[in-house]
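Visitor: Here is a sequence together with a model predicted from it:
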Protein chains: 2
Amino acid sequence: MTSHTTLTGLEIRLAARPVGEPAPDDFASAEVPVPQPGDGQILVRNTWMSVDPYMRGRMDDVPSPVLPPFELGAVLEGAAVGEVIASRSADVPVGTTVSHFLGWREYAVLDAAAATVVDTGLAPAQAYLGALGTTGLTAYAALTDAAPVKEGDVVFVSAAAGAVGSVAGQLARRLGAAKVIGSAGGPEKTEKLLTDFGFDAALDHRAGPIAAQLAEAAPDGIDVYLDGVGGDHLAAAIDALRPGGRAALVGAISGYNATEPVPGPANLAQIVYKQLTLRGVQVGAYFHLFPEYIAKAAAWLADGSLHTEETVFEGLEQAPAALLGNLRGANTGKTLVRLAV
Amino acid sequence: MTSHTTLTGLEIRLAARPVGEPAPDDFASAEVPVPQPGDGQILVRNTWMSVDPYMRGRMDDVPSPVLPPFELGAVLEGAAVGEVIASRSADVPVGTTVSHFLGWREYAVLDAAAATVVDTGLAPAQAYLGALGTTGLTAYAALTDAAPVKEGDVVFVSAAAGAVGSVAGQLARRLGAAKVIGSAGGPEKTEKLLTDFGFDAALDHRAGPIAAQLAEAAPDGIDVYLDGVGGDHLAAAIDALRPGGRAALVGAISGYNATEPVPGPANLAQIVYKQLTLRGVQVGAYFHLFPEYIAKAAAWLADGSLHTEETVFEGLEQAPAALLGNLRGANTGKTLVRLAV
């Protein structure tokens, strides 16, 4: 680019608030002029963006203490990585690869302070959206802090073929779990749990009630549960958790598209008499662990001991389809959009 | 007693497993011969016994990792205090006052090792069933460990006129809470919360939905919730808890008489995005805190800074009525039966 041409880029906006499952019409794309960075700012050409189930929540007009709802008509947001192509910050020069939170657009202008420089010598840029990004850190925070895995534990991970779950299963093993059980939808994913993600047992929630499958896979119960699903999975885990058991709740995808309140498990009294702990995880509270986590996980990626997968959608136009697929459970591993600009 | 007369005493047995609310016919009383203590055992004349909502759970034939179901036809069990009237243990001589777990009978024979000597110089014997007993310790464990109260917290206590709640409210204040809100059923109890138990606000769950009342009493939310109720109270608390909020679950009396599974709150997704912690409390896991707790609480009782109440039923025959009253929310403070033998 030069300063006398006008750079334009595509962005995806929230066109309508979805009722239930989002539809393509809930999104709109627009080609817009890209502003020049102001003082202390950088202009980033986004190369990859992250698509995550939590984004569905931001499409509703419901106040949240964490992230506000997306605004109707405004461009969406989310994690992305890209290359700095113009800079008015000495700290982040042109050519740097950064991660930031202005995804859903081809070009982003932001304060340099809001960007994190990533080391593409350590891992490819898009890894910083997945195994080395918030989804990997979510798994790490869940199993080391919110519901710490101890030597010999039986661990159950739901949404186990997803971005968080697929890392969590391998992490549980590394933390000393004696048995790691995962659940996913369909034979293809459950097979992958066993062959690629190192689970000892794989439950297919589309094949039958999860509670019976979990009871069979863990006849003596479980110690730790990582919940990305809620609903029947959470109920089954509460039944299966042994006294003193711990659950980290990182998401509740089963309810994200619900249009009516979904009652919770009928077995919460077990929390009392089994002295269970249920703890919610917001990864933003764990960003201080990023350096320690990235150092470890990058080494595991480099030596091949951490297996990851990506479901990649090509071009920003495909980002809505990527999110819809994610919410339907159609994707495996980390869902990414590669931006082709 | 002398060794050549046969001592007999009343005991209360489980005659039938209740369906829903227990009925008087679910209990049976019998006058039985009292055995002599064996080697290492003591014979205790029970003077007071404790009646607690959790006993309802033991009347069902449902396995529990904590306490097994009561056996049909067998004498019930529960905390009691009494005087040692015969002893074959040098550690626990005749005349000692002890607490133990063989209530629901006038005389108990047990291993001396299963009895705890209580100091009636510090507080009356029956205090060791309430404020100095497991219900007091439950409040202490809940608010110092499971859901610790910090300086300036807004704390909500349900079943606040009960044995646990009435101690918990005063404890929360002592731990630095800025505002302590309690809920109870009916104007008499809620009045008592304000005048006797030191609550800043009292919600009457019989007067209207608890969620709206809690939102009004704590417009900026709560930090800590002590749950003895479950159901609508737990849902309201989850709505009101601020990010990082903590809930100690000590009981779920709203569901104890349920004959069908009762769905849980529909707002559990808030656990995730507000990073809430829900933790069950079984007081048995905290018995190591008894010495430190009793020392503190006995001093508070002695200087009048801890106010307690008792609802006393006279005579073991009244024990079923005491439990039924407890489950219906008819009693205030600690429910006790005074044994008149």
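Guide: Arrived safely.
Visitor: And the helices in chain A?
Guide: For chain A, the helices defined by DSSP state H cover A:55-58, A:134-141, A:163-174, A:187-195, A:210-217, A:231-240, A:269-273, A:290-302, A:319-328.
Visitor: Between these, which one is closest to B:P63.
Guide: helix A:269-273 (10.6 Å; CB to CB). Every residue, glycine included, has its C-beta placed from N, CA and C.
Visitor: would you turn the helices of chain A into a markdown table with mean pLDDT, mean neighbour count and distance to B:T97?
Guide: Listed next are those as a markdown table, based on pLDDT from 0 to 100; neighbours: other CB atoms under 10 Å in any protein chain shown; distance: least, CB to CB, whole Å:
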| stretch | mean pLDDT | mean neighbour count | distance to B:T97 |
| --- | --- | --- | --- |
| helix A:55-58 | 93 | 20 | 58 |
| helix A:134-141 | 97 | 26 | 50 |
| helix A:163-174 | 97 | 28 | 50 |
| helix A:187-195 | 97 | 18 | 60 |
| helix A:210-217 | 98 | 18 | 47 |
| helix A:231-240 | 97 | 23 | 41 |
| helix A:269-273 | 92 | 23 | 30 |
| helix A:290-302 | 96 | 17 | 55 |
| helix A:319-328 | 95 | 21 | 64 |
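Visitor: mind checking how far stretch A:91-111 is from the chain centre?
Guide: 20 Å (CA atoms, centre = their mean, to the nearest Å).
Visitor: Kindly check the end-to-end length of it for me.
Guide: Length of stretch A:91-111, first residue to last, CA to CA, to the nearest Å: 11 Å.
Visitor: Show me what from chain A comes close to chain B.
Guide: Neighbours of chain B within chain A, by CB under 8 Å from any CB of the partner chain: A:57, A:64-66, A:230, A:234, A:242-243, A:249-252, A:255, A:261-282, A:285.
Visitor: Now the residue of the stretch 1-150 of chain A found nearest chain B: closest residue in space, sequence neighbours ignored.
Guide: Proximity of the stretch 1-150 of chain A to chain B (CB to the nearest CB) peaks at A:P65, 4.6 Å away. Spatial nearest neighbour of A:P65, chain neighbours left out: B:P243 (4.6 Å); criterion: CB to CB, 6 or more residues apart in numbering or on different chains.
Visitor: show me the residues around the one you found that make contact.
Guide: A:65-66, A:282, B:274-275 (CB atoms under 8 Å, 6 or more residues apart in numbering or on different chains).
Visitor: how far away is it from B:G221?
Guide: Counting by CB to CB, to the nearest Å, the separation of B:P243 from B:G221 is 9 Å.
Visitor: How about A:A340?
Guide: 45 Å.
Visitor: pretty sure A:G78 is touching A:R56, no?
Guide: No - A:G78 is beyond contact range of A:R56, at 11.6 Å (criterion: CB atoms under 8 Å).
Visitor: so where's chain A shaky on pLDDT?
Guide: Applying pLDDT under 70 to chain A flags residues A:1-5, A:341.
Visitor: Identify the structural domains in it and state their residue ranges.
Guide: A:8-121+A:309-338, A:134-284 (automatic domain parsing).
Visitor: Let me have these in JSON lines, extended by distance to B:T190.
Guide: Shown next, in JSON lines, are those (distance: least, CB to CB, whole Å):
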{"stretch": "domain A:8-121+A:309-338", "distance to B:T190": "30"}
{"stretch": "domain A:134-284", "distance to B:T190": "25"}
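Visitor: Name the stretch among the ones you listed that sits most buried.
Guide: domain A:134-284 (a mean of 22; mean count of other CB atoms under 10 Å in any protein chain shown).
Visitor: how far out from the middle of the chain is that domain?
Guide: 15 Å.
Visitor: and A:P148, what does it touch?
Guide: A:175, A:224, A:246.
Visitor: shouldn't the first one be in contact with A:A142?
Guide: Right, A:L175. No - counting by CB under 8 Å, A:L175 stays clear of A:A142, with 10.9 Å between them.
Visitor: Nearest residue to the residue most central in space within chain A in space, please, no chain neighbours.
Guide: What sits nearest the mean C-alpha location of chain A, by CA atoms, centre = their mean, is A:T135, with 4.1 Å. Take A:T135 and drop its neighbours on the chain: the residue closest to it by CB to CB, 6+ apart is A:A163, 3.8 Å away.
Visitor: The one you found and A:T311 touch, don't they?
Guide: No - judged on CB under 8 Å, A:A163 makes no contact with A:T311 at a distance of 9.3 Å.
Visitor: Quickly list what's touching both of those two.
Guide: A:333-335.
Visitor: And for A:H205, nearest residue in space, chain neighbours not counted?
Guide: A:S183 (5.3 Å).
Visitor: Roughly how far does that neighbour sit from chain B?
Guide: 18 Å (CB to the nearest CB, to the nearest Å).
Visitor: show me what contacts A:S158?
Guide: Contacts of A:S158 (CB under 8 Å, 6+ apart): A:165, A:182-183, A:225-229, A:233, A:237.
Visitor: quick one on the thing from earlier: quick one, what contacts the residue nearest to A:H205?
Guide: A:156-160, A:190, A:202-205, A:210, A:213-214, A:229, A:233.
Visitor: Out of these, the closest to A:T97 would be?
Guide: Nearest member of the contacts of A:S183 to A:T97, counting by CB to CB, is A:A159, at 28.9 Å.
Visitor: so the closest one sits right up against A:G228, yeah?
Guide: Yes - taking contacts as CB under 8 Å, A:A159 lies within contact range of A:G228: 3.6 Å.
Visitor: any common contacting residues for those two?
Guide: With CB under 8 Å, 6+ apart, A:A159 and A:G228 have common neighbours A:165, A:251, A:253.
Visitor: hang on, isn't the last one packed against A:D227?
Guide: No - between A:I253 and A:D227 no contact is recorded; they are 9.8 Å apart, counting by CB under 8 Å.
Visitor: In space, what's closest to A:A15 - neighbours in sequence excluded?
Guide: A:A28 is the one closest to A:A15 (CB to CB, 6+ apart), at 3.9 Å.
Visitor: beta partners of that neighbour?
Guide: Beta-bridge partners for A:A28, by DSSP bridges, are A:R13.
Visitor: how about it, what does it touch?
Guide: Contacts of A:A28 (CB under 8 Å, 6+ apart): A:12-15.
Visitor: mind running it again at 10 Å?
Guide: Shown in contact with A:A28 (CB atoms under 10 Å, 6 or more residues apart in numbering or on different chains): A:11-16, A:73, A:75, A:320.
Visitor: what's the closest of those residues to B:V98?
Guide: Nearest member of these to B:V98, counting by CB to CB, is A:L14, at 68.4 Å.
Visitor: Would you quantify the distance from the closest one to A:M55?
Guide: 10 Å.
Visitor: Find the residues that touch each one of those two.
Guide: Counting by CB under 10 Å, 6+ apart, the residues touching both A:L14 and A:M55 are A:22, A:70, A:76, A:104.
Visitor: separation between the residue nearest to the third one when sequence neighbours are not counted and A:L336?
Guide: Closest residue in space to A:L76, ignoring its immediate chain neighbours: A:W104 at 3.8 Å, by CB to CB, 6+ apart. As judged by CB to CB, A:W104 and A:L336 stand 13 Å apart.
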